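Visitor: mind folding the following:
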Amino acid sequence: SLLTDAAAKIQAPEEDLAVLDFEEGEVEMDLDSTSPTPIGVAPALVPAPTGAVRDERRPGGFLCCKRGLDTDENARRVCRMNVPDGSLPNNAIHNTKYRWYTFPFQNLAEQFSQHINRYFLIIAVLQLFSAITPVNPVTTWGPLVVIFSLTAYKEASDDLARHKRDKEFNERALEKLASDGPESLKHCQSQEIRPGDIVRVNRNEELPCDMVLLKSADPKGVAYVMTANLDGETDLKLKKAVGPTQAMDNKALAAHHGAVVCLPPNPDIHKFDSYYVHGANMGAKSPGDLDKLRDGEKTALTVTHALWQGTQIKNVDWVLGLAVYTGMETRVGCNRHPTATKWCQADLFINRTAICIFTFQLSMACIFGVIGTLKNLGDGEYSRHYYLAWKPEAEEGWYEPLLIPLRYLLLMSYMIPISMKVTLDFTKMYYAKLVDWDADMYDAEQQIGARAATSAILEDLGQIGYVLTDKTGTLTQNVMRFRKSSINGTAY
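Guide: Presented below is the predicted three-dimensional model:
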């Protein structure tokens, strides 16, 4: 009866429900994340899993849906120290939007997503028919090819810049612990790191991947990181090394058998539910085989022990960390979305205006085209005006009633000049170069200048009227200079 009532309450089939009991003093599990909680937690303090119904008849018991509960430890990731897992991706990142073989088709599809480009294409196609066009088609096709080529060049340049940044990151020189050879550290590239490698990161360097802090240059095993690249916060976050590994030297770490058991890759930067197994039997070859890890001493890990990719090490000379998530499986990679095509406010306005103008043109072409066709088919008034007469062969065919409306449409196509689009595209590229060349925006201390990441939305900068910020540090860089102080009535 309890299962039946619970099934109705959580709207789940009765066969998909399970009864979970917890006894005081046992190792318990946070069912929302399948992370171990400390021994001795009272059953009443164990949180109910999502979609679960607490069993009031048994303290600490839950009824929960089997499908929504991940209690299978084999679904977790096991990262063994000094045993790189070749089945998992390496640390190479790819932020490019295009591939060379998809660029022409993908870029054309993006350009034709704008109504104004579709309009120019329709006009250009109609001008290919000599029976209706009053001008040479080259006058439209030439600027149209220039527009598409210029836009494609801008997108290719922006994507090439992303590729260069990815290459710099992937080929960045690092050091990792070597389990063999006379040297305890060996040089490697960032893209060569895999889960299981122990990587050394020095002060003020960015972390190349998501790691668990094993050892710090600080004797107390603490380190500080700046997470400005993740959440915009410039204050330093305290991190702690895993207790058993902090006391080891490099050679001991290189020969140590330990493992970190963590959840599969996910985007949550505020949570890291995992545990470290000290002195585990490393004979298991399968990454998901946990049977031989259970004979080791376990240490619970939280986000305090985690170092995320993109953060910077501060206040300590170096740290050693175990890579657990690499490449596009890091927290940054999981939160990354495909690069979207950006349109500025001017483009959106022109796009909407083009629809209105084209609707007006189409209406006028239909009205005057129908009147002209009826006049021509009626009393033959056109025969008295030689300059309005058609050649007989041009009038024959099923399409004869469409000739005059289409001619009207082409004659009114100059209401949206194609030169406007060419001018806008060239101006955007010039704006981007002005930003790159601006000497007033160069920081001599860091030797970094302004860089226009994209030339598509630069003109929106000139439309900013107000800047809203949650704190003054965003604008002042948190730089505080001592001015004066008053102590016991004396000014210093």
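
Visitor: skipping adjacent residues, who's closest to residue 208 in space?
Guide: The shortest distance from residue 208 to any non-neighbouring residue, by C-beta to C-beta, 6 or more residues apart in numbering, is to residue 190 (4.4 Å). (Each C-beta comes from the backbone N, C-alpha and C, glycine too.)

Visitor: now swap in residue 321 and tell me
Guide: Among residues not flanking residue 321 along the chain, residue 211 sits closest, at 3.0 Å (C-beta to C-beta, 6+ apart).

Visitor: pretty sure that neighbour is in a strand, no?
Guide: Yes: remark: residue 211 belongs to a strand, assigned using DSSP: H, G, I helix; E, B strand; the rest coil.

Visitor: where's it relative to residue 305, distance?
Guide: If you measure residue 211 against residue 305 using C-beta to C-beta, to the nearest Å, the figure is 9 Å.

Visitor: out of those two, which sits in the busier spot?
Guide: It is residue 211, of residue 211 and residue 305, that has more neighbours when counted by other C-beta atoms under 10 Å, with 29 against 23.

Visitor: got the contact list for the more buried one?
Guide: By C-beta atoms under 8 Å, 6 or more residues apart in numbering, the residues touching residue 211 are 199, 306, 307, 321, 322, 323, 324.

Visitor: so it bridges to which residues?
Guide: Here residue 211 sits in beta bridges with residue 307, residue 323, as judged by DSSP bridges.

Visitor: okay, now the unreliable bits of the stretch 351-492 of the chain?
Guide: Residues of the stretch 351-492 of the chain meeting the criterion pLDDT under 70: 376-400, 469-478.

Visitor: repeat that for the stretch 201-350 of the chain.
Guide: Residues of the stretch 201-350 of the chain meeting the criterion pLDDT under 70: 279-296.

Visitor: all the helices of it, residue numbers only.
Guide: Taking DSSP state H, counting those that start in this stretch, the helices of the stretch 201-350 of the chain run over residues 228-231, 243-246, 250-255, 331-335, 345-377.

Visitor: among those, which is nearest residue 177?
Guide: Taking C-beta to C-beta, helix 250-255 is the member of these nearest to residue 177, at 4.7 Å.

Visitor: leaving out the residues flanking it, which one is nearest to residue 362?
Guide: Leaving aside its chain neighbours, residue 362 sits nearest to residue 409 (7.0 Å; criterion: C-beta to C-beta, 6+ apart).

Visitor: so that neighbour touches residue 368, yeah?
Guide: No: when contacts are counted by C-beta atoms under 8 Å, residue 409 is not listed as touching residue 368 (9.8 Å).

Visitor: neighbour count: those two, which is higher?
Guide: Taking neighbours as other C-beta under 10 Å, residue 409 and residue 368 compare with residue 409 leading, 22 against 17.

Visitor: tell me the contacts of the more buried one?
Guide: Residues near residue 409 by C-beta under 8 Å, 6+ apart: 126, 361, 362, 365, 369.

Visitor: can you add distance to residue 333 and neighbour count and give the residues you listed back as TSV?
Guide: Shown next, in TSV, are those (distance: C-beta to C-beta, whole Å; neighbours: other C-beta atoms under 10 Å):
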residue	distance to residue 333	neighbour count
126	47	17
361	48	20
362	47	14
365	52	20
369	56	19
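
Visitor: what is the nearest of the residues you listed to residue 101?
Guide: Residue 101 lies nearest to residue 126 out of the contacts of residue 409, by C-beta to C-beta, at 32.3 Å.

Visitor: now do that closest one, the pLDDT please.
Guide: Looking at residue 126, its pLDDT stands at 88.

Visitor: same thing with the one 10 residues further on?
Guide: The score at residue 136 is 82. That number is its pLDDT.

Visitor: helix, strand or coil for it?
Guide: Under three-state DSSP, the three-state class of residue 136 is coil.

Visitor: count the residues that sit near it.
Guide: Around residue 136 there are 10 residues (other C-beta under 10 Å).

Visitor: right, and residue 240 touches residue 305 too?
Guide: Yes: the pair residue 240 / residue 305 is scored as a contact, 6.0 Å apart, by C-beta under 8 Å.

Visitor: any shared contact partners between the two?
Guide: The contact sets of residue 240 and residue 305 overlap at residue 213 (C-beta under 8 Å, 6+ apart).

Visitor: what separates the host helix or strand of residue 163 from the chain centre, distance-wise?
Guide: Following DSSP states H and E, one finds residue 163 within helix 138-170. Put simply, helix 138-170 sits 21 Å off its chain's centre (C-alpha atoms, centre = their mean, to the nearest Å).

Visitor: can you start the count at 11 instead of 1 from here on
Guide: With 11 as the first residue, the last one maps to helix 148-180.

Visitor: list the helices and strands that helix packs on?
Guide: Applying 3 or more C-beta pairs under 8 Å, 6 or more residues apart in numbering; DSSP states H and E, we find helix 148-180 packed against helix 113-121, helix 125-136, helix 428-446.

Visitor: adding distance to residue 103, write these out as a markdown table.
Guide: Below are those laid out as a markdown table (distance: least, C-beta to C-beta, whole Å):
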| stretch | distance to residue 103 |
| --- | --- |
| helix 113-121 | 20 |
| helix 125-136 | 32 |
| helix 428-446 | 24 |
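
Visitor: most tightly packed of the ones you listed?
Guide: When you average the neighbours per residue for each of the helices and strands packed on helix 148-180 (mean count of other C-beta atoms under 10 Å), helix 125-136 leads with a mean of 18.

Visitor: just give the closest residue to residue 216, not the sequence neighbours.
Guide: Closest to residue 216 by C-beta to C-beta, 6+ apart is residue 322, at 5.5 Å.

Visitor: should've said residue 425
Guide: Distance criterion C-beta to C-beta, 6+ apart; nearest residue to residue 425, sequence neighbours excluded, is residue 367 at 5.5 Å.
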